[in-house]
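> model the following, please.
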Amino acid sequence: MENFIVSARKYRPDSFKTVVGQDSLITTLKNAIQRKQLAQAYLFCGPRGVGKTTCARIFAKTINCLNPTPEMEACNECESCKALKEQRSFNIHELDAASNNSVDGIRSLIEQVRIPPQIGKYSVYIIDEVHMLSTSAFNSFLKTLEEPPAHAIFILATTEKHKIIPTILSRCQIYDFNRIKVEDTVKYLKYIAKEENIPYEVEALNIIAQKADGAMRDALSIFDQMVSFSEDNITYQKVIENLNVLDFQYYFTLTENFLNADYASSLKIYDELLSKGFDPQQFITGLSEHFRNLLVCKDPQTSQILEVGAAIAERYMKFAVECTPEFLIKALDVINQTDITFRQSNNQRLHLELMLIRLSGLNQEKKK
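Numbering: from 1, shown residues only. Have a look, this model is predicted:
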């Protein structure tokens, strides 16, 4: 039996051009390499799964490449590139600060920094989750970070920049990684599905991308999960079933009920959702997101920030015409107030049903 490799590892970018959703940051790094204006220390910060460690490895490989391309990409053919690919490179050192956060771990690294590289120009030290270092470890690291040997470059990666002491921040060039947009995630998932010969529905990939919340690694993990569940045919219905995501149709039906002041049908739908095992808090969050989507569709300028699939986006655009901005804003306010007080309520079901009744009365208030 073949060894299965998860998509997050199999399709991990190995060059700048394959990195998804970080174009401006990549351009800056490539320009720095081309002009030979490399800093002594970099801080890569941003949410999980957006490519911080991946970009650190690509950057380290490229600055040590003996024959970089005109586009400032590593050649993947020189001895330095081959050594890195075969995991026998002594130029790139990785330290997980979460499990090596003591002074001893940093002192060991400082001793190692003095040794010059055997192949290539630089010894690159990638310290992941650097915010986990203890205060004493940070302090012992300061002097080396400020005045490292000419061959040493440090790349610090973190999801929590606010936890890093200012004296470390002041010694680094700081790069903020973006959450990856839904459309960029969907585009990459399409590419992987094509490579793996897996049929898919675009709306299904959109749900996966939304569930990942800007983290490509999460999206690829969910993608693998869906491939197993759907038996190599990723459909919208199977994705919402497996991820326990509420179908958009429920939200559109509820909105029609609110516009028609039909609170009875709304209560019946909520009872159906409870019987299917949906979490009430998740329902509130989904409903608020639905009304937010309707509101942004009211103006062509804001409709561009709608993060749903093309077919559902078209439906939102048509449905938004039936809703006034006043109705949508009041509805969002009612849902938000319910969300704030929901957990403190002694009778949570009644609390949420009252929200549905209030929403059903919003259009009636206007007619009076």
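
> from here on, just use CA atoms for contacts and neighbour counts.
Will do.

> which residues of the stretch 101-250 of the chain fall in strands?
123-128, 152-158, 173-176 (DSSP state E, counting those that start in this stretch).

> next, format those strands as CSV and append mean neighbour count and mean pLDDT.
Shown next, in CSV, are the strands of the stretch 101-250 of the chain (neighbours: other C-alpha atoms under 10 Å; pLDDT from 0 to 100):
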stretch, mean neighbour count, mean pLDDT
strand 123-128, 24, 85
strand 152-158, 24, 87
strand 173-176, 16, 89
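
> tell me what residue 157 is bridged to.
Applying DSSP bridges to residue 157 yields these beta-bridge partners: residue 44.

> mind listing what it touches?
Residue 157 makes contacts with 43, 44, 45, 52, 53, 126, 127, 128, 129, 130, as judged by C-alpha atoms under 8 Å, 6 or more residues apart in numbering.

> most neighbours of all these, which one?
Highest neighbour count within the contacts of residue 157: residue 130, with 27 neighbours (other C-alpha atoms under 10 Å).

> break this structure into its domains for me.
For the chain, automatic domain parsing gives the domain ranges 7-176, 182-242, 248-367.

> ramachandran angles for residue 306?
For residue 306, the backbone dihedrals (degrees, to the nearest 10) come out as phi -70, psi 120.

> ok, residue 283 next?
phi -60, psi -40.

> contacts only, for it.
Listed by C-alpha under 8 Å, 6+ apart, the contact partners of residue 283 are residue 246.

> how close does residue 28 get to residue 177?
To residue 177, residue 28 is 12 Å away according to C-alpha to C-alpha, to the nearest Å.

> higher neighbour count, those two?
More crowded of residue 28 and residue 177, by other C-alpha under 10 Å: residue 177, with 20 against 12.

> give the buried residues for the lowest-mean-pLDDT helix or strand in the chain.
Using mean pLDDT, DSSP states H and E, the weakest-scoring helix or strand in the chain turns out to be helix 103-113, at a mean of 75. Across helix 103-113, burial judged by 16 or more other C-alpha atoms under 10 Å covers 103, 105, 106, 109, 110, 113.

> what comes into contact with it?
Outside helix 103-113, the residues that touch it by C-alpha under 8 Å, 6+ apart are 100, 123, 134, 136, 137, 140, 141, 144, 148, 149, 152.

> now with 6 Å?
The contact list for helix 103-113 (C-alpha atoms under 6 Å, 6 or more residues apart in numbering) reads residue 137.

> just the angle for it relative to strand 152-158, thanks.
Per axes from the mean of the first three to the mean of the last three C-alpha atoms, to 10 degrees, the angle that helix 103-113 makes with strand 152-158 is 150 degrees.

> helix 103-113 vs strand 123-128, what angle?
Here helix 103-113 runs at an angle of 160 degrees relative to strand 123-128 (the same axes, to 10 degrees).

> gap between helix 103-113 and the chain center?
Distance of helix 103-113 from the chain centroid (C-alpha atoms, centre = their mean, to the nearest Å) equals 32 Å.

> how about stretch 48-59?
On C-alpha atoms, centre = their mean, the centre of stretch 48-59 falls 13 Å from the chain's centre.

> same check on stretch 145-153?
Per C-alpha atoms, centre = their mean, the centroid offset for stretch 145-153 relative to its chain is 32 Å.

> and the end-to-end length of that stretch?
End-to-end for stretch 145-153, by C-alpha to C-alpha: 9 Å.

> residues in contact with that stretch: which ones?
Contacts to stretch 145-153, defined as C-alpha under 6 Å, 6+ apart, come from residues 40, 41, 122, 123, 124.

> would CSV of those residues with distance to residue 351 be doable?
Output for those, formatted as CSV (distance: C-alpha to C-alpha, whole Å):
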residue, distance to residue 351
40, 57
41, 53
122, 62
123, 60
124, 56
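
> from these, pick the one nearest residue 9.
Nearest to residue 9 among the contacts of stretch 145-153, counting by C-alpha to C-alpha, is residue 124 at 21.6 Å.

> the closest one pairs with what?
Under the criterion used (DSSP bridges), residue 124 bridges to residue 92, residue 153.

> next one: it from residue 93, what distance?
6 Å.

> please save the CA atoms from the longest helix anywhere in the chain in PDB.
What stands out as the longest helix in the chain, according to DSSP state H, is helix 348-367. Listed next in PDB are the C-alpha coordinates belonging to helix 348-367 (Å, rounded to 0.1, in the frame of the first residue of the first chain):
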ATOM      1  CA  GLN A 348     -31.700  29.600  25.700                       C
ATOM      2  CA  ARG A 349     -34.300  28.100  23.400                       C
ATOM      3  CA  LEU A 350     -36.900  30.700  24.300                       C
ATOM      4  CA  HIS A 351     -34.300  33.400  24.100                       C
ATOM      5  CA  LEU A 352     -33.500  32.500  20.500                       C
ATOM      6  CA  GLU A 353     -37.200  32.000  19.600                       C
ATOM      7  CA  LEU A 354     -37.900  35.600  20.900                       C
ATOM      8  CA  MET A 355     -35.200  36.800  18.500                       C
ATOM      9  CA  LEU A 356     -37.000  35.100  15.600                       C
ATOM     10  CA  ILE A 357     -40.300  36.700  16.700                       C
ATOM     11  CA  ARG A 358     -38.700  40.100  16.900                       C
ATOM     12  CA  LEU A 359     -37.200  39.700  13.400                       C
ATOM     13  CA  SER A 360     -40.600  38.700  12.100                       C
ATOM     14  CA  GLY A 361     -42.000  42.000  13.400                       C
ATOM     15  CA  LEU A 362     -39.500  44.400  12.000                       C
ATOM     16  CA  ASN A 363     -41.300  44.800   8.700                       C
ATOM     17  CA  GLN A 364     -44.600  45.300  10.500                       C
ATOM     18  CA  GLU A 365     -43.100  48.200  12.500                       C
ATOM     19  CA  LYS A 366     -42.300  50.000   9.300                       C
ATOM     20  CA  LYS A 367     -45.900  49.600   7.900                       C
END
